[in-house]
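Enquirer: Okay, here's the prediction I keep looking at, along with the sequence it came from:
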Amino acid sequence: MGKNSKPKESAKGKGKQAAGGSDESSKGKGKSGKSDGLGTCTYVKARHILCEKQGQINEAYKKLQDGWLGNGDKVPPAEFAKLAAEYSECPSGKKGGDLGWFPRGKMAGPFQEVAFNTLIGATSAPFKSTAC
């Protein structure tokens with residue numbers, strides 16, 4: 001969950017569940033900053049939580065909903081990082097799910113689409129991705 005992505009760290013396997021947020025300077029929140037000057041974003045920073053089992057990502061997402069998303073609030077980066085450290089099966093979990101900055105074309109299709117289409121500071125709903 002979340003975006004604060006750095007150049008892709010590979011995740012193993014297919015069909016893993018990810019939830020993400022992108023933010024240009026922390027995690028967890030959508031589109032950001034580095035532009036090609038044409039009004040389109042060419043880089044994004046994202047955080048995520050990667051889980052093999054649907055039940056595990058649902059549990060993590062429910063905690064986000066109960067704490068912030070249910071009220072329409074943005075998830076504080078530190079809180080997202082705690083959940084990523086607890087739930088994520090990706091090595092980035094130790095860094096709060098932070099993937100750093102990455103350009104278009106660097107991440108797997110579904111993850112890239114969500115990363116570049118989620119608003120800055122927002123957290124996406126869980127989605128299935130082949131890798132991240």
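Expert: Done, it's in. Being a predicted model, the structure only gives us computed values, none of them experimental. Numbers count the residues shown, from 1 in each chain.

Enquirer: got a list of what the residue nearest to Gln112 when sequence neighbours are not counted touches?
Expert: Nearest non-adjacent residue to Gln112, counting by C-beta to C-beta, 6 or more residues apart in numbering: Arg104, 6.7 Å away. Where you see a C-beta, it was placed from the backbone N, CA and C, and this is true even at glycine. Counting by C-beta atoms under 8 Å, 6 or more residues apart in numbering, Arg104 makes contact with 42-43, 112, 116.

Enquirer: Take those residues and write them to a markdown table, including secondary structure, distance to Gln54 and pLDDT.
Expert: As requested, these are exported to a markdown table (DSSP: H, G, I helix; E, B strand; the rest coil; distance: C-beta to C-beta, whole Å; pLDDT from 0 to 100):
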| residue | secondary structure | distance to Gln54 | pLDDT |
| --- | --- | --- | --- |
| Thr42 | coil | 32 | 86 |
| Tyr43 | strand | 30 | 92 |
| Gln112 | helix | 21 | 92 |
| Phe116 | helix | 24 | 92 |
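
Enquirer: And the buried ones among these, selectable in PyMOL?
Expert: Here is the PyMOL selection string for the buried members of the contacts of Arg104, based on 16 or more other C-beta atoms under 10 Å:
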select buried, resi 43+112+116
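
Enquirer: just the strands in the chain please.
Expert: Taking DSSP state E as the test, the strands found in the chain are 16-22, 43-51, 98-103, 127-129.
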